[in-house]
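Engineer: please work out how this folds:
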Amino acid sequence: MGREFGAPFGVTKNGEEVRELTLNNGVLTAKVITFGGVLRVLTVPGKSGPVDVVLGYDSLAEYEDNGGFFGALIGRYANRIAKGKFTLNGKKYTLALNDGPNHLHGGNVGWSHRVWTVAEAEADRAVLTLDSPDGEEGYPGHLQVKVTYALEGDTLSIRYQASGDQDTPCNLTNHSYFNLSGQGSGTVLDQEIQLYASSYTPADSTSIPLGTVEPVEGTPMDLRALTPIGTHIDEPFQQLEWGHGYDHNFVVDGQPGAMRPAAMARSRATGVVMEVETDSPGLQFYTANFVEEGRRGKEGAVYSFRHGFCLETQHFPDTPNQPAFPSATLRAGAKYDQTTRFRFTRMEG
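Structural biologist: Numbers count the residues shown, from 1 in each chain. Next up is the predicted model:
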């Protein structure tokens, strides 16, 4: 028997034990469960005390049964692939259609619903691993995956690493829903957002990119200056109408592969400021437009429409079918290595 890390968090319907790891460095506290590699709790300093800024659940059954991917690690391909089809090296592949006519977040049983293995755990750091077999959810190649959650001062970093024995699409992210006023505090529309993105990839009515990269300037997609999330969200703009709000891939300014600012958000209610930097090419900004009224969450919280927002650092959606987009193909024997950092400070005054 190997060493048991963390505390018991339940047993899946398939009989797999799930553990919860608590990371604490005196500034931040994170709780991660091995089901889906979910970031279940993230407590940060606010002006009146600690604030848990991520939505989640108290039980394993809720993570198994409820949609939304709350806090989960997403793979093998984050976001959508059109019609669940792509061609790689001349071979056609077919994936599950689990989001209307499209494939979403890895399929019927993506990595968000797998039980990860704890490879290492320290007071402020946890390393989770996953073995993804050839053909899982229709994807080619056997992948070895490693994700490291680490607390470093006022920053939570998430590092994603993978390698495989065949060429395959690979696009990993974390799907946390943030509410900087505190999980369970209601709508995020008065919280402010700034995206370091001068352009975005417009999508069709099923959220598949049209294949173009368009400037945000002169549109409600221009969030380059700190703006309350609710300012433009209901404007009569086709992209927002189709998405029921923001649910779009933004092109992060600067050079992909280099760490650079992607977003900043803040809550005047708690004074919490979150800065996001990444080496990914894109950032999906999603405003919880499909969280239904009255969903039960942690500690008696009730979640609803637009009670959180996601900042999913990633490759662009549908990249396997979009040759003009930066490639998301992980070549056999090559190393996937992507890092995103979330830094938490307090507003002055």
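Engineer: need the strands for the stretch 51-200 of the chain, in chain order.
Structural biologist: With DSSP state E, counting those that start in this stretch as the criterion, the stretch 51-200 of the chain has strands at 73-74, 80-81, 85-88, 91-94, 103-104, 117-122, 125-132, 143-152, 155-164, 168-169, 173-174, 192-195, 199-200.
Engineer: got the contact list for the first one?
Structural biologist: Contacting residues not belonging to strand 73-74 are listed as 36-38, 105-106, 110-112, 116, 128, 147, 160, 172-175, 312 [CB atoms under 8 Å, 6 or more residues apart in numbering]. For the C-beta atoms, the positions are set from N, CA and C on the backbone; glycine is no exception.
Engineer: now swap in stretch 102-113 and tell me
Structural biologist: With contact meaning CB under 8 Å, 6+ apart, stretch 102-113 is reached by 35-38, 64, 69, 72-84, 95-99, 130, 132, 137-138, 145, 172, 175, 206-208.
Engineer: and that stretch, end to end?
Structural biologist: End-to-end span of stretch 102-113 (CA to CA, to the nearest Å): 19 Å.
Engineer: what helices or strands is the helix or strand of the chain with the lowest mean pLDDT leaning on?
Structural biologist: The least trusted helix or strand in the chain, going by mean pLDDT, DSSP states H and E, turns out to be strand 295-296, with a mean of 94. For strand 295-296, the packing partners by 3 or more CB pairs under 8 Å, 6 or more residues apart in numbering; DSSP states H and E come out as strand 302-303.
Engineer: circling back to that earlier point, so what strands line up beside the least confident helix or strand of the chain?
Structural biologist: Taking DSSP bridges as the criterion, strand 295-296 sits next to strand 302-303 (antiparallel) in its sheet.
Engineer: gap between the nearest residue to Lys85 once chain neighbours are set aside and Pro133?
Structural biologist: Closest residue to Lys85 apart from its sequence neighbours, by CB to CB, 6 or more residues apart in numbering: Thr94 at 5.7 Å. Computed as CB to CB, to the nearest Å, the Thr94 to Pro133 distance reads 17 Å.
Engineer: and Thr87, by the same measure?
Structural biologist: Using CB to CB, we find Thr87 at a distance of 22 Å from Pro133.
Engineer: can you map out the strands along the stretch 201-349 of the chain?
Structural biologist: Listed in chain order, the strands of the stretch 201-349 of the chain (DSSP E, counting those that start in this stretch) span 214-215, 227-228, 247-251, 260-266, 272-278, 282-286, 295-296, 302-303, 310-314, 329-330, 336-346.
Engineer: what is the neighbour count of Gly67?
Structural biologist: Using other CB atoms under 10 Å, Gly67 has 9 other residues around it.
Engineer: so the residue nearest to Lys85 is in contact with Glu137, correct?
Structural biologist: No: counting by CB atoms under 8 Å, Thr94 sits too far from Glu137 to count as a contact (10.5 Å).
Engineer: with neighbour numbers in mind, choose between those two.
Structural biologist: Neighbour count, other CB under 10 Å: between Thr94 and Glu137, Glu137 has more, with 20 against 11.
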